[in-house]
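Visitor: got a structure for you, letters missing:
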């Protein structure tokens, strides 16, 4: 599972590797949330397959949600 959030919400709270989506948001494994704490307004992605589909869809649209 993955958490997708705005990069600014994670800056200063998460020091691991953040992967960037074409729309500018970042995703991290949900297991890393223990290091981040509570975040509001995030998307939870249930599988790597679903995440890959989101990335492909955004890439096809030129980086838009």
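Guide: All right, it came through fine. Just so you know, these numbers come straight off a predicted model, no measurement behind them. Numbers count the residues shown, from 1 in each chain.

Visitor: report the buried residues of the least confident helix or strand in the chain by mean pLDDT.
Guide: For the chain, the helix or strand with the lowest mean confidence is helix 33-36, at a mean of 82 (criterion: mean pLDDT, DSSP states H and E). Across helix 33-36, burial judged by 16 or more other C-beta atoms under 10 Å covers 33, 36. No exception for glycine: its C-beta is placed from N, CA and C like everyone else's.

Visitor: give me the contact list for it.
Guide: 3, 10, 13-16, 28, 39 (C-beta atoms under 8 Å, 6 or more residues apart in numbering).

Visitor: ranges for the strands of this structure?
Guide: 2-5, 19-20, 26-29, 43-45 (DSSP state E).

Visitor: can you put the ones you listed in CSV and add mean pLDDT and mean neighbour count?
Guide: Output for the strands of the chain, formatted as CSV (pLDDT from 0 to 100; neighbours: other C-beta atoms under 10 Å):
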stretch, mean pLDDT, mean neighbour count
strand 2-5, 93, 20
strand 19-20, 90, 12
strand 26-29, 92, 18
strand 43-45, 92, 14
